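Asks: Fold the stuff below for me.
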Amino acid sequence: MLIACSSWAQTLNPSIITTQGGNYIAGGNQLSWTTGGLVTQTLTAGGYILTQSFQQPELQVWTGAIGPSGLCPGTVINVPYIQSGIVSNSNNFIAELSNASGSFASPVTVGTLAGKINGTIACTIPLATPAGTGYRIRVRSTLPAFTGPDNGNNVAVWAKPTCSITPVPDNNVYTGGIPTNIYLGYGPQKLTLNATASGGAPFSYSWAGNGSLSCYTCTAPVFAPTTAGLYTFTLTVTNANGCKSTCSISVCVTDIRSSDKKVYICHNGNTQSVSPNAVSSHIPGHANDRLGRCDQQPPCAAPLMITKGNAQVEEELAEVEALTVAAMPNPTRDYFNLQIKSTDRSTPAIVRIMDVYGRVLLVRTGVDANSSIRLGEKLYSGTYLVNVQQGKKERTVKLIKIN
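Replies: Predicted coordinates for the structure are as follows:
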């Protein structure tokens, strides 16, 4: 005997009042239910009853296609999704990024959109995302809580380049030990801005700023100022995948020339006009002497608001140093004791020793920003630069090693 049967079910519009339903997730399992429906008894047989009531809408969130297949850290992308059964206006759709292997064990939230209808989430790939080719993106809802499948295809995140700029003066004449200070009339009159990039070679370079450079697409442009001022240059580095990074440097130019082809120095609190050949007997020979007139502040010294009585007045004061670096003895035949002091006691510093061409000879990371370190024992006689960087603060000091 052949018995045939068929069944059918009604698909309802997935919209119910939230107080008439619920959703629960625990241990990786999800239970959804509807309450408040009128139960109609249809069939009774023995101890079993077949009833009919409202249908609980099916919950689902599908993540759409994502393009392009390769992304740079910091890129904003649109992640489309389609939903079914989301019933609360208080719901949020959250886009999550996997790790480079496609695992969502520790997902990273990259975008959020409130609502209960289909849509597109504007997402930002975090700047610190490691390079990799196996990333996935998924969308989940919060009310009710439901996690949909991922986008179904691997997405590559390219390496974000890094860049740095090392200033190299055109000569070794001592002017105070800071290579980004230029004094018109004495010492270095040109500065080579050596760019260093890493992460996704080959690179292209683009310079911009408020001063004139010898070139704007090379790795080492020359800045030769003719007027005083504070000049800032920004370098944009683009790697082979089109990912970009920027870094910048500021150069303070002070005009210390006098009218008789001499230069001004401040000697023991008195302004003097001397021949450039006589400057070296004062600087660094006299601890209190400096280049420029005694009443002359560098153009990079910012006005500081101070309080006198009940009124605030603006005075031109030298920038308060939040990071100081000194090397003793200097010059030396043996080694230098580098003393570092900072108002920031928690951020470690990076110490680099470079030759006068900007080539890095030694790097120490994780240095206590309030410490004294010994270095330079293996340096040959000559002139070097030691650069100390702590966060956004940076100081450079000239070192002289003698026989």
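Asks: residue closest to the middle of the chain?
Replies: Nearest residue to the geometric centre of the chain (C-alpha atoms, centre = their mean): L127, 7.4 Å.
Asks: Contact partners for it?
Replies: Neighbouring residues of L127 by C-beta atoms under 8 Å, 6 or more residues apart in numbering: P73, G74, K160. Backbone N, C-alpha and C define where each C-beta goes, glycine included.
Asks: And the pLDDT for the last one?
Replies: Model confidence at K160, expressed as pLDDT, equals 90.
Asks: how close does it get to P202?
Replies: Separation of K160 from P202 (C-beta to C-beta, to the nearest Å): 15 Å.
Asks: repeat for the first one
Replies: Per C-beta to C-beta, P73 is found 19 Å from P202.
Asks: Between the two, which is the more surrounded one?
Replies: Neighbour count, other C-beta atoms under 10 Å: between P73 and P202, P73 has more, with 20 against 8.
Asks: which SS class is the spatially closest residue to that one that is not a sequence neighbour?
Replies: Leaving aside its chain neighbours, P73 sits nearest to K160 (4.3 Å; criterion: C-beta to C-beta, 6 or more residues apart in numbering). Counting by DSSP: H, G, I helix; E, B strand; the rest coil, the backbone at K160 sits in coil.
Asks: how close does K160 sit to A122?
Replies: Taking C-beta to C-beta as the measure, K160 falls 20 Å from A122.
Asks: Look at the two and report which has more neighbours.
Replies: K160 (23 against 13).
Asks: That one touches L71, doesn't it?
Replies: No: assessed by C-beta atoms under 8 Å, K160 is found out of contact with L71, at 10.5 Å.
Asks: what are the bridge partners for V360, then?
Replies: For V360, the residues forming beta bridges with it (DSSP bridges) are M354.
Asks: Now do the SS call for S280.
Replies: Classified using three-state DSSP, S280 is helix.
Asks: wait, what's in contact with it?
Replies: Per C-beta under 8 Å, 6+ apart, neighbours of S280: V173, Y174.
Asks: so how many other residues sit close to N153?
Replies: Neighbour tally, N153, other C-beta under 10 Å: 12.
Asks: I'd like the distance between it and Y81.
Replies: N153 is 15 Å from Y81, by C-beta to C-beta.
Asks: so where is the chain shaky, pLDDT-wise?
Replies: 1-58, 298-321, 356-358, 403 (pLDDT under 70).
Asks: Domain-wise, how is it divided?
Replies: Following automatic domain parsing, the chain resolves into domains at 1-158, 169-291, 321-401.
Asks: so which of the ones you listed gets nearest Q297?
Replies: domain 169-291 (8.7 Å; C-beta to C-beta).
Asks: And the one helix or strand V61 maps to, what does it pack against?
Replies: Assigned by DSSP states H and E, V61 belongs to strand 60-63. Secondary-structure packing of strand 60-63 (3 or more C-beta pairs under 8 Å, 6 or more residues apart in numbering; DSSP states H and E): strand 76-84, strand 137-142, strand 145-150.
Asks: Report the strands that pair with the longest one, each with its relative direction.
Replies: Strand 76-84 has the following sheet partners, assigned by DSSP bridges: strand 60-63 (antiparallel), strand 119-124 (antiparallel).
Asks: neighbouring contacts of the longest one?
Replies: Applying C-beta under 8 Å, 6+ apart, the external contacts of strand 119-124 come out as 74-81, 93, 95, 97, 110-113, 137, 139.
Asks: mind running it again at 7 Å?
Replies: When contacts are defined by C-beta atoms under 7 Å, 6 or more residues apart in numbering, strand 119-124 is touched by residues 74, 76-81, 93, 95, 110-113, 139.
Asks: What of the shortest one?
Replies: Applying C-beta under 7 Å, 6+ apart, the set of residues contacting strand 60-63 from outside is 79, 81-85, 137-141, 146, 148-151.
Asks: Check which residues of it are buried.
Replies: Residues V61, W62, T63 are the ones in strand 60-63 that count as buried (16 or more other C-beta atoms under 10 Å).
Asks: Could you single out the nearest of these to Q189?
Replies: Distance to Q189, by C-beta to C-beta, is smallest for T63 among the buried residues of strand 60-63, at 59.6 Å.
Asks: how about the strands in the stretch 201-350 of the chain?
Replies: In the stretch 201-350 of the chain, the strands defined using DSSP state E, counting those that start in this stretch lie at 204-209, 222-223, 229-238, 244-255, 263-267, 270-274, 290-291, 303-308, 311-316, 323-328, 336-342, 349-355.
Asks: mind putting those in TSV, mean neighbour count and distance to Y174 included?
Replies: Below are the strands of the stretch 201-350 of the chain laid out as TSV (neighbours: other C-beta atoms under 10 Å; distance: least, C-beta to C-beta, whole Å):
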stretch	mean neighbour count	distance to Y174
strand 204-209	16	26
strand 222-223	18	20
strand 229-238	18	22
strand 244-255	18	15
strand 263-267	21	13
strand 270-274	14	15
strand 290-291	21	10
strand 303-308	10	28
strand 311-316	9	26
strand 323-328	17	13
strand 336-342	19	16
strand 349-355	19	16
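Asks: To N172, which of those lies closest?
Replies: strand 349-355 (10.7 Å).
Asks: Mind listing the residues bridging to the closest residue to N151 other than its chain neighbours?
Replies: Sequence neighbours aside, T63 is the residue nearest to N151 in space, at 4.6 Å (criterion: C-beta to C-beta, 6+ apart). Under DSSP bridges, the beta-bridge partners of T63 are Y81.
Asks: do G111 as well
Replies: The partner residues for G111, given DSSP bridges, come to A95.
Asks: And it, how far from S84?
Replies: On the measure of C-beta to C-beta, G111 and S84 end up 20 Å apart.
Asks: So if I had to pick from those two, which one is more boxed in?
Replies: Remark: of G111 and S84, G111 carries more neighbours, 21 against 14, as counted by other C-beta under 10 Å.
Asks: Spit out the contact partners of the more buried one.
Replies: G111 neighbours (C-beta under 7 Å, 6+ apart): V79, A95, I121, A122, C123, T124.
Asks: go again using 6 Å as the cut-off
Replies: For G111, the contact set (C-beta atoms under 6 Å, 6 or more residues apart in numbering) comprises A95, I121, A122, C123.
Asks: Tell me, how many residues neighbour the last one?
Replies: When neighbours are counted by other C-beta under 10 Å, C123 registers 23.
Asks: give me the beta-bridge partners of it?
Replies: Judged by DSSP bridges, the bridge partners of C123 are I77.
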